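Trainee: return a 3D structure for these sequence lines:
(chains A, B, C, D and E)
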Amino acid sequence: MLLGRVVGTLVATRKEPSLEGLKFLVLRQLDIDGKDMSGYRVAADAVGAGLGEVVLYATGSSARMTTVTDKRPCDGVIMAIVDTLEVDGVVTYDKSEVG
Amino acid sequence: MLLGRVVGTLVATRKEPSLEGLKFLVLRQLDIDGKDMSGYRVAADAVGAGLGEVVLYATGSSARMTTVTDKRPCDGVIMAIVDTLEVDGVVTYDKSEVG
Amino acid sequence: MLLGRVVGTLVATRKEPSLEGLKFLVLRQLDIDGKDMSGYRVAADAVGAGLGEVVLYATGSSARMTTVTDKRPCDGVIMAIVDTLEVDGVVTYDKSEVG
Amino acid sequence: MLLGRVVGTLVATRKEPSLEGLKFLVLRQLDIDGKDMSGYRVAADAVGAGLGEVVLYATGSSARMTTVTDKRPCDGVIMAIVDTLEVDGVVTYDKSEVG
Amino acid sequence: MLLGRVVGTLVATRKEPSLEGLKFLVLRQLDIDGKDMSGYRVAADAVGAGLGEVVLYATGSSARMTTVTDKRPCDGVIMAIVDTLEVDGVVTYDKSEVG
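Mentor: As a prediction, this is how the structure comes out:
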């Protein structure tokens, strides 16, 4: 899994029928020090993530292992909302301090 | 998923029999600010996308989760046509304003 | 899928038994303007591609969705030979003019 | 598989229900000379790895082939703790000398 | 598939039980001119490869399509030992001349 921050939303009315009802969020990739990286990913939301939140997302076939993405043409899913991240003994992200 | 703009078409008469009838489109990868990136992808079209449209595409095994790509040797599929994209509170793409 | 040009061959007598009879070709990755990129891929040939031809190849589990690669430890397959490629209204590759 | 060093932990109370009980560790990617690389990965722990240990991790669908990750939306798993690594005849990592 | 040269070995006593007996080799990625690239991969050995040999390896789910890796958390496998590699009409690697 990689870390991302929810930075946007995407509307698509014309899509594969099985994707109806799925919410797609735009993620900016984050490094483990909490800083933005250059990459991004559009992922289905399986946990009710909100704008600005730091999340964990899975890609590939593993992105289909949730109720909302099962058997759908979807290769990225937000499967957890990060509360705290601690790297090398330092808390690099704490949701309670940000939000 | 990643964002792409349909920039071209590809004709291939000699191919794996199961791919007969599939339409392949050439996608230029797009960043979330709507600008071109350096990468590209050739993807099967599952939604009737047209030249110039901004689309969402899935790769890997998830690309086979549509009726037209099921069990076929195809690792990229356009599964949605983007109407609007909003990042950091700014609309970076709006199909109604472009087309 | 990505585009590649068949630039070479590979001989391997000692291999996983299930790969017996598979033909492996060396592909130089191509950009959509028809120019060489720095990457390469060794792929199984499912369509009878020849040296110099521009092909479309699939990777990952999708590479096993052909009769010759089914259930084999093979993560790349040539599934189509490109006749023409048209990008931004310009034909960037035309097999009939090259060959 | 790639090599990583366990550098951190991640807490996420809101997540896909099937992930309950899984421990996520933050890995800094390592090169085969034992030096840090720029990439990272968050992976589920299937072997009881500890902070500072050098581990082997698998990604993609293979990350689901353990008891703790089976059928879960998880695309990275630590599946081995490295004791020694020998490259070009030189021991580049020896757990007994570090720990 | 990509090309690699076997440059090392890895010992891991604490690992996912299903990996017991699997031999992991360290591969330096090779370009098609036979030169070292910067990447590496740790792969399970399905063909009895030896140090210094040039091999072909598969990644992702395809890496599990051998008897020794079936259903195991392993995302890379050596599935062939390269005898000769010919690119652009030039033999860039010939095992009989090296070994």
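
Trainee: what about the strands in chain A?
Mentor: A:2-11, A:14-15, A:24-30, A:36-45, A:54-59, A:76-81, A:84-87, A:90-94 (DSSP state E).

Trainee: looking at the ones you listed, which is closest to chain C?
Mentor: strand A:54-59 (11.7 Å; Cβ to the nearest Cβ). All C-beta atoms are positioned from the backbone trio N, CA, C, and that covers glycine.

Trainee: the closest one pairs with which strands, and in what direction?
Mentor: Here strand A:54-59 is paired, per DSSP bridges, with strand A:2-11 (antiparallel), strand A:76-81 (antiparallel).

Trainee: adding distance to residue B:52, mean neighbour count and mean pLDDT, write the ones you listed out as CSV.
Mentor: Putting the strands paired with strand A:54-59 into CSV (distance: least, Cβ to Cβ, whole Å; neighbours: other Cβ atoms under 10 Å in any protein chain shown; pLDDT from 0 to 100) gives the following:
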stretch, distance to residue B:52, mean neighbour count, mean pLDDT
strand A:2-11, 18, 20, 98
strand A:76-81, 25, 27, 98
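
Trainee: out of those strands, which comes closest to residue E:27?
Mentor: strand A:2-11 (24.0 Å; Cβ to Cβ).

Trainee: tell me what angle that closest one forms with strand D:24-30.
Mentor: 110 degrees (axes from the mean of the first three to the mean of the last three Cα atoms, to 10 degrees).

Trainee: how far does strand A:2-11 sit from its chain's centre?
Mentor: 6 Å (Cα atoms, centre = their mean, to the nearest Å).

Trainee: could I get that strand in PDB with only the CA atoms?
Mentor: Extracted in PDB, the C-alpha atoms of strand A:2-11 (Å, rounded to 0.1, in the frame of the first residue of the first chain):
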ATOM      1  CA  LEU A   2       1.000   3.600  -0.400                       C
ATOM      2  CA  LEU A   3      -0.100   6.800   1.300                       C
ATOM      3  CA  GLY A   4      -2.200   9.500  -0.300                       C
ATOM      4  CA  ARG A   5      -4.000  12.600   0.600                       C
ATOM      5  CA  VAL A   6      -7.500  13.100  -0.700                       C
ATOM      6  CA  VAL A   7      -7.200  16.300  -2.900                       C
ATOM      7  CA  GLY A   8     -10.200  16.100  -5.200                       C
ATOM      8  CA  THR A   9     -13.200  14.500  -6.700                       C
ATOM      9  CA  LEU A  10     -14.200  13.300 -10.100                       C
ATOM     10  CA  VAL A  11     -17.600  13.100 -11.800                       C
END
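
Trainee: low-confidence stretches in chain A?
Mentor: By pLDDT under 70, the low-scoring segments of chain A are A:99.

Trainee: residue furthest from the geometric center of it?
Mentor: Ranked by distance from the centre of chain A (Cα atoms, centre = their mean), the top residue is residue A:89, with 24.7 Å.

Trainee: for residue B:63, see how far away residue A:75 is.
Mentor: 8 Å (Cβ to Cβ, to the nearest Å).

Trainee: and what of residue A:15?
Mentor: Going from residue A:15 to residue B:63 by Cβ to Cβ gives 14 Å.

Trainee: of those two, who's got more company?
Mentor: Using other Cβ atoms under 10 Å in any protein chain shown, the more surrounded residue of residue A:15 and residue B:63 is residue B:63, with 27 against 21.

Trainee: measure the more buried one to chain E for me?
Mentor: 13 Å (Cβ to the nearest Cβ, to the nearest Å).

Trainee: sorry, back to before: now the strands paired with strand A:54-59 as CSV including distance to residue C:93?
Mentor: Shown next, in CSV, are those (distance: least, Cβ to Cβ, whole Å):
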stretch, distance to residue C:93
strand A:2-11, 32
strand A:76-81, 31
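
Trainee: what residues does chain A put near chain C?
Mentor: Residues of chain A lying near chain C by Cβ under 8 Å from any Cβ of the partner chain: residue A:61.

Trainee: would you mind listing what in chain A touches chain E?
Mentor: residue A:61.

Trainee: centroid-nearest residue for chain A?
Mentor: With distances taken as Cα atoms, centre = their mean, the residue of chain A nearest its centroid is residue A:78 (3.6 Å).

Trainee: before we move on, the earlier item: TSV for the strands of chain A, including distance to residue E:21?
Mentor: Converted to TSV, the strands of chain A look like this (distance: least, Cβ to Cβ, whole Å):
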stretch	distance to residue E:21
strand A:2-11	32
strand A:14-15	46
strand A:24-30	37
strand A:36-45	37
strand A:54-59	29
strand A:76-81	32
strand A:84-87	35
strand A:90-94	39
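
Trainee: go through the ones you listed and name the closest to residue E:69.
Mentor: Of all those, strand A:54-59 comes closest under Cβ to Cβ, at 21.6 Å.

Trainee: looking at the strands paired with strand A:54-59, which is closest to residue D:57?
Mentor: Relative to residue D:57, the nearest member of the strands paired with strand A:54-59 by Cβ to Cβ is strand A:2-11, separated by 13.0 Å.

Trainee: angle of the closest one against strand A:36-45?
Mentor: Using the same axes, to 10 degrees, strand A:2-11 lies at 60 degrees relative to strand A:36-45.

Trainee: got the contact list for residue A:8?
Mentor: A:25, A:26, A:51, B:32, B:85, B:86, B:87, B:88, B:92 (Cβ atoms under 8 Å, 6 or more residues apart in numbering or on different chains).

Trainee: what residues does chain A put near chain B?
Mentor: Counting by Cβ under 8 Å from any Cβ, chain A sits next to chain B at A:7-16, A:18-19, A:24, A:26, A:28, A:40-43, A:59-61, A:63-64, A:71-76.

Trainee: just the buried ones from the residues you listed, in PyMOL syntax?
Mentor: Buried members of the residues of chain A next to chain B can be picked out in PyMOL with the line below, counting by 16 or more other Cβ atoms under 10 Å in any protein chain shown:
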select buried, chain A and resi 7+8+9+10+12+15+16+18+19+24+26+28+40+41+42+43+59+60+61+63+64+72+73+74+75+76
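
Trainee: thinking again about what came up before, nearest to residue B:36, of the strands of chain A?
Mentor: strand A:36-45 (14.1 Å).

Trainee: that closest one vs chain D: in contact?
Mentor: No: if you take Cβ under 8 Å from any Cβ as the test, strand A:36-45 misses chain D, and the best it gets is 9.8 Å.

Trainee: neighbouring strands for that strand, and are they parallel or not?
Mentor: With DSSP bridges as the test, strand A:36-45 pairs up with strand A:24-30 (antiparallel), strand A:76-81 (parallel).

Trainee: what does that strand contact?
Mentor: Contacts for strand A:36-45 (Cβ under 8 Å, 6+ apart): A:2, A:4-5, A:7, A:10, A:22-31, A:57, A:59, A:63, A:66, A:68-69, A:72, A:74, A:76-78, B:1-3, B:31-32, B:56.
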